[in-house]
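In: how would this look folded up:
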Amino acid sequence: MSLEQKVIQTLRDTRKTLAVAESCTGGLLCHRLTNIPGSSEVFKFGLVAYSNVAKTIFLGVPRTTIRRFGAVSKETAIAMAKGARRKLKSDFGLSITGIAGPTGGSKKKPIGITFIALATGQKMACLQYHFKGQRTRIKSQAANQAIRLLLRSINDE
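Out: Below is the predicted model:
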């Protein structure tokens, strides 16, 4: 059974729902989760909020958060996860923001830096990663880690 299948099955078994907000992965996480039959029972919302304007308008990320910390930051990832969860009153809100490259990196925020956040009614978690490789590899690694974080969290609930 794949990680995606485990996530969808566990959400179904626990009667929990999920909302996702992606940036650097461009919908890859939603694609992988919605490929699983029965995902429509638990997957409520998926948004690719690639621009800062989309993060603000659709997810409620404060402009001040993006200005102060940047679109690729722990603070923005947390606000994205909370916003996704709140939009459709889901049990879990999962977000990914990062720099997949090959351009856009800096000394402070190099290519591969990624923040993955998960919001529940009780808890908030945000992990920082620095993935290596080409753009598609970075996106794949980010989606994999997001799925792992979600699965661990569902099992801990």
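
In: and the residue minimising distance to the centre of the chain, its phi and psi?
Out: Central residue of the chain (CA atoms, centre = their mean): residue 95, 2.1 Å from the mean position. Note on residue 95: backbone dihedrals following degrees, to the nearest 10 are phi -140, psi 160.

In: wait, doesn't it sit right on residue 20?
Out: Yes: the pair residue 95 / residue 20 is scored as a contact, 7.2 Å apart, by CB atoms under 8 Å. Where C-beta positions appear, they are placed from N, C-alpha and C, glycine not excepted.

In: which neighbours do these two share?
Out: residue 84 (CB atoms under 8 Å, 6 or more residues apart in numbering).

In: look up how far residue 113 lies from the residue of the chain positioned farthest from its centre.
Out: Within the chain, the residue lying farthest from the chain centre (CA atoms, centre = their mean) is residue 107, at 23.7 Å. From residue 107 across to residue 113, the span is 11 Å (CB to CB, to the nearest Å).

In: now swap in residue 127 and tell me
Out: Residue 127 is 12 Å from residue 113, by CB to CB.

In: neighbour-wise, which of the two wins?
Out: residue 113 (23 against 15; other CB atoms under 10 Å).

In: residue 74 versus the more buried one, what's the distance?
Out: 11 Å.

In: same thing with residue 121?
Out: 20 Å.

In: neighbour count: the two, which is higher?
Out: Between residue 121 and residue 74, counting by other CB under 10 Å, residue 74 is the more crowded of the two (15 against 11).

In: quick one, what contacts that one?
Out: 115, 117, 126, 128.

In: closest to residue 1 out of those?
Out: residue 117 (25.6 Å; CB to CB).

In: tell me if I'm right that the closest one and residue 123 touch.
Out: No: at 10.9 Å, residue 117 does not count as touching residue 123 under the criterion of CB under 8 Å.

In: of the two, give the one with the bigger neighbour count.
Out: Ranked by neighbour count (other CB under 10 Å), residue 117 and residue 123 place residue 117 first, with 26 against 10.

In: and that one, what helix or strand is that in?
Out: Taking DSSP states H and E as the criterion, residue 117 maps to strand 113-119.
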